[in-house]
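Visitor: The amino acid sequence is not available; the structure is as follows:
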Ligand SMILES: Cc1cc2nc3c(=O)[nH]c(=O)nc-3n(C[C@H](O)[C@H](O)[C@H](O)COP(=O)(O)OP(=O)(O)OC[C@H]3O[C@@H](n4cnc5c(N)ncnc54)[C@H](O)[C@@H]3O)c2cc1C
């Protein structure tokens, strides 16, 4: 079931799911896909962990200690790129692609 | 002996441990033999693979008898949770079986004289020197800090907050036991002085920058959970003591149980206990289902349970009268312990703010948000 879901998910699907989290993250305006919300101070400590659980639960992935790299979490686009790589490790550096698509 | 009896026997020693401010190694070993430290740890690491429900039940049982034992479970579980979640495979293999077996007792050292609620303000420094990390600073109020074998220390680096495991026998680490605290007297509380303590870089848990937001946050979330259930145990034990006293108190034919004011006090206390239990149950379900709301559900449960423990232990002391003020009174002991539960792992007011934050965030959700 999860396997099928993984295959079906497009970047747009992932982006909209990730956006739901940020729309509730105590943010008074929409965060742009490429905005560094960490440095904007939008993610307090309870929320950082909530984001991990949210992403794990929404996409059926596990965030490991090896994934704790700010570059995976700094912007919405990067979270989306991270999720894509987790779902399909063979997708390689899909980063640039996701970043372009989601900031359209 | 059957683990159940061993556990009961350990709990029987609570009044003495509280009076003497001790927690003998034999009691730690006995808890370990009962499997107390591996309840929610996966079997591959030597644990029992249990659920949040199993862990909650144990915390309630320990809380009902001995705040020191519950505190030991809490800190051991906090460090285990941090390692299970954010340790590398090597770190898990090395540390977790030893913590589960009780060979090692862990402590959690985050608080500093100038950084309690605001842990982002910690000033303990962690600097790299070759294959080692050099740690200097002061930590205060470490539960089991006097006897722990290894401490998870929160420090700071140029790249942000970091957590490091520091073995207690490393040179430069001094422990200063805290004498006569208000409560949690058997929990071997200590302040720590770290003066250029060196540990291998392999002792660092998670990259710098994630020590507070991820490692400490995970540990505190787990700590809140066992504190919450421990408080339910404490509150329930106090309620029972109060009911027993009220039911039997007879002063020349004047029966305490016939007084409606006294009955109302018991009624309020019973509702406080039941509400706390219900919120703890809800947090437990949420944790077992791994929902993102589990974090705030746990904050809510801990807040409600700590308040229940504080109010119900107060009611129990009141209804016991002088007997509640005696040195051997369970209600009196829990009255002292319960106040502390409203301060640690997020003080009451801090929890209230977090719950309020969560409400406002939920209301901003496209779907209007879930329930609290
Ligand atoms: C018995 C005991 C055991 C402990 N064990 C450990 C341990 O094992 N490891 C560890 O690291 N620490 C431990 N602590 C320390 C504990 O976590 C801190 O005491 C707690 O975090 C509060 O910090 P503080 O004491 O510096 O109080 P402060 O942060 O100075 O707060 C004092 C009070 O101010 C109010 N307040 C503070 N901030 C806010 C806010 N943002 N909003 C509203 N009100 C606020 C609250 O009423 C709070 O109680 C222990 C403490 C005790 C008493």
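Guide: Done, it's in. All values derive from a computational prediction rather than experimental measurement.
Visitor: When you work out contacts or count neighbours from here on, use the C-alpha atoms and nothing else.
Guide: Fine.
Visitor: What residues of stretch A:55-69 count as buried?
Guide: Buried positions in stretch A:55-69, judged by neighbour count with 16 or more other Cα atoms under 10 Å in any protein chain shown: A:55, A:56, A:59, A:60, A:61, A:62, A:63, A:65, A:67, A:68.
Visitor: Now, the residues you listed that are in strands?
Guide: Among these, DSSP state E puts none in strands.
Visitor: Just the ones of the residues you listed in helices?
Guide: Among those, the members found in helices (DSSP state H) are A:55, A:56, A:59.
Visitor: Export these to CSV and append columns for distance to the ligand and pLDDT.
Guide: CSV is the format used below for those (distance: Cα to the nearest ligand atom, whole Å; pLDDT from 0 to 100):
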residue, distance to the ligand, pLDDT
A:55, 28, 94
A:56, 28, 94
A:59, 33, 95
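Visitor: what mean pLDDT would you report for stretch B:76-95?
Guide: In this model, stretch B:76-95 carries a mean pLDDT of 98.
Visitor: er, stretch A:66-77 actually
Guide: Average pLDDT, stretch A:66-77: 90.
Visitor: now stretch B:28-43: how far from the chain's centre is it?
Guide: 16 Å (Cα atoms, centre = their mean, to the nearest Å).
Visitor: Any idea how far apart the tips of it sit?
Guide: In stretch B:28-43, first residue to last residue: 21 Å (Cα to Cα, to the nearest Å).
Visitor: hmm, back to that, if we check chain B, which of the buried residues of stretch A:55-69 are in contact?
Guide: Filtering the buried residues of stretch A:55-69 for proximity to chain B (criterion: Cα under 8 Å from any Cα of the partner chain) leaves A:65, A:68.
Visitor: quick revisit: for the ones in helices among the buried residues of stretch A:55-69, which one is nearest residue B:62?
Guide: residue A:56 (32.3 Å; Cα to Cα).
Visitor: How many residues are close by the nearest residue to residue A:48 once chain neighbours are set aside?
Guide: Closest residue to residue A:48 apart from its sequence neighbours, by Cα to Cα, 6 or more residues apart in numbering or on different chains: residue B:213 at 6.0 Å. Residues near residue B:213, counting by other Cα atoms under 10 Å in any protein chain shown, number 19.
Visitor: go on, residue B:6?
Guide: Number of residues near residue B:6 (other Cα under 10 Å) recorded here: 16.
Visitor: Can you list the neighbours in contact with the helix or strand harbouring it?
Guide: Assigned by DSSP states H and E, residue B:6 belongs to helix B:3-12. Helix B:3-12 is contacted by residues B:27, B:30, B:31, B:33, B:34, B:62, B:65, B:66, B:69 when judged by Cα atoms under 8 Å, 6 or more residues apart in numbering or on different chains.
Visitor: hmm, 7 Å instead?
Guide: B:27, B:30, B:31, B:34, B:65, B:66 (Cα atoms under 7 Å, 6 or more residues apart in numbering or on different chains).
Visitor: same question, stretch B:146-158
Guide: Residues from elsewhere that reach stretch B:146-158 (Cα under 7 Å, 6+ apart): B:79, B:104-110, B:122-127, B:161-168, B:175, B:177, B:188-190, B:208, B:211.
Visitor: If we use 6 Å, what do you get?
Guide: Here stretch B:146-158 makes contact (Cα atoms under 6 Å, 6 or more residues apart in numbering or on different chains) with B:104-110, B:124-126, B:161-168, B:177, B:188, B:190.
Visitor: Among those, which are located in helices?
Guide: Going by DSSP H, the helices hold none of these.
Visitor: can you narrow those to ones near the ligand?
Guide: Among those, proximity to the ligand is found for B:108, B:109, B:110 (Cα under 6 Å from any ligand atom).
Visitor: Poorly predicted segments of the chain, please.
Guide: By default, I'm working from chain A. For chain A, the stretches with pLDDT under 70 are A:1-8, A:25-29, A:38-46, A:91-104.
Visitor: not quite, I wanted chain B
Guide: For chain B, the stretches flagged by pLDDT under 70 are B:364-372.
Visitor: all strands of it, in order?
Guide: B:106-109, B:125-129, B:132-142, B:150-157, B:160-167, B:173-177, B:190-200, B:204-205, B:250-251, B:254-255.
Visitor: Looking at those, which one is packed in the most?
Guide: Mean neighbours per residue, mean count of other Cα atoms under 10 Å in any protein chain shown, is largest over the strands of chain B for strand B:106-109, with a mean of 28.
Visitor: what's it packed up against?
Guide: Packing contacts for strand B:106-109, counted by 3 or more Cα pairs under 6 Å, 6 or more residues apart in numbering or on different chains; DSSP states H and E, involve strand B:150-157.
Visitor: The strand it packs on and the ligand in contact?
Guide: No. Residues of strand B:150-157 are not located near the ligand by Cα under 6 Å from any ligand atom, the shortest gap being 8.3 Å.
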